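K.L.:
Sequence and computational prediction follow.
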Amino acid sequence: MIEDASPAWGVAGEFLDFVFTRREERERFLDWLAWCLQNESDKPNWAPFLYSETKGSGKSTLCSLVARLFGEENTVSQNNVDKLSGRFNAPVLTKKLVICEELNLRQDSPQGNALKTYLTESRVMTERKGQDAETVDHCCCFLFTTNHAPMWIEPEDRRYYIIEFDHDGHAAGPRAEEFSALVGRLVEFMEDERAMAGVYRALMERRLSNGFSAKTLNVERDGTEIMRRIHAASEQTVRAQLRELLDDRGQHVVPEGEVVKLIREELGQNPNSTRHIMIEMGWSKSKVKWGGCEYARAIWVRDGYWVEQGRVKGPGHYSQPISEHLAGARQPGAAAPGLDVCVEAPLY
């Protein structure tokens, strides 16, 4: 970059004002970007995630602008995370800026779990072709884009700051021509070394907002509207699926360990929010003895039912031994560890 350039946003500022329709999201993104440039030897623990349902909204253009600020030699851009999560990932993790476009994963997938590690851990395992794997320090910052709502992100996940590009300059929007012209001017602007040096200087001299942290993302305080919608929809989906599954099985009590197993294996979801989901479904947790065990085990009980002296009891004089009830709820051929065996269930 040109050393004597004065801080100036120029056309880049016009572009940012257009694509960010909410000031607080623009400021948080710029705080993140400025911190990453000002602290090149350190890494943030969360990443901006640009989402738009429509095409032509400027996500890729913004990625190009950010890449120019870091420099081509310090940046790698890829579709999804195949190179990043693959075996020979060293060429990616040696860059400062990693851009992953069209990111679309499954919840709790191997690629998603690898991404979590890279976002939060500063020491990771890398490998180059023809060389042994080794643990290295990395200081990557990540920038993601997608045209699909990232429903795979777990509720309360603090690694992704999702920003919706919902301006009306997208390809089918009423201001499409205006926005297209602005993008054209920005492309020319990015070819001007002095102009880009002005943007770089503005970010290097930027004073970060009070309360900003590149290490911790407070999703309760700083979550965007699209983040709240995605998190709520994710919880509602798991809750509805689990309720339907337990209703189909006619199950009025379920051991803690089996709830975890159902969510993970039957529904393919992360079981970390087990307690939250069961409470919202109206179930309550007790510790009771059953099946000949001498100690109490954690078990969830459906609303309107209760457990007493090793039996499930409910409306209409319903009464059945817990072990019989659980055995009757098993699916044919399915293993049911912890139902009759005296094993202490994990408490989540």
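P.N.:
Noted; the coordinates are in hand.
K.L.:
Tell me how far the closest residue to N104 other than its chain neighbours lies from N80.
P.N.:
Among residues not flanking N104 along the chain, H148 sits closest, at 5.2 Å (CB to CB, 6 or more residues apart in numbering). Heads up, the C-betas are built off the backbone N, CA and C, glycines and all. Distance, H148 to N80, by CB to CB, to the nearest Å: 11 Å.
K.L.:
Mind listing the shared neighbours of the two?
P.N.:
Listed contacts common to H148 and N80 are N104; contacts here mean CB atoms under 8 Å, 6 or more residues apart in numbering.
K.L.:
neighbour-wise, which of those two wins?
P.N.:
N80 (16 against 11; other CB atoms under 10 Å).
K.L.:
hmm, back to that, what's the per-residue pLDDT of the residue nearest to N104 here?
P.N.:
For H148, the pLDDT comes out at 91.
K.L.:
Wasn't it part of a strand?
P.N.:
No - H148: not assigned to a strand; according to DSSP: H, G, I helix; E, B strand; the rest coil it is coil.
K.L.:
gap between it and I230?
P.N.:
11 Å.
K.L.:
swap in M151?
P.N.:
6 Å.
K.L.:
Give me the more crowded residue out of the two.
P.N.:
Taking other CB under 10 Å, M151 and I230 do not tie; I230 has more neighbours (24 against 13).
K.L.:
The more buried one: helix or strand, and which one exactly?
P.N.:
I230 belongs to helix 225-248 when assigned by DSSP states H and E.
K.L.:
can you give me the mean pLDDT across that helix?
P.N.:
84.
K.L.:
ditto for stretch 313-333
P.N.:
Rounded mean pLDDT across stretch 313-333 is 82.
K.L.:
who touches that stretch?
P.N.:
If you take CB under 8 Å, 6+ apart as the criterion, stretch 313-333 is touched by 249-255, 288, 290-291, 299, 302, 304-307, 310-312, 336, 339-340.
K.L.:
Only the buried subset of those residues, as a PyMOL command please.
P.N.:
Buried members of the contacts of stretch 313-333, defined by 16 or more other CB atoms under 10 Å, are picked up in PyMOL with:
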select buried, resi 251+252+253+254+255+288+290+291+299+302+305+306+307+311+312+336+339+340
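K.L.:
from the contacts of stretch 313-333, which ones fall inside strands?
P.N.:
Among the contacts of stretch 313-333, the ones falling in strands (DSSP state E) are 253-255, 288, 299, 306-307, 311-312.
K.L.:
elements contacting the one helix or strand C100 maps to?
P.N.:
Secondary structure assignment for C100, by DSSP H and E: strand 97-101. On a contact count with 3 or more CB pairs under 8 Å, 6 or more residues apart in numbering; DSSP states H and E, strand 97-101 meets helix 59-70, strand 75-79, strand 141-146.
K.L.:
Give me the nearest residue to R239, chain neighbours excluded.
P.N.:
Nearest residue to R239, sequence neighbours excluded (CB to CB, 6+ apart): I277, at 5.3 Å.
K.L.:
Okay then, goodbye and thanks.
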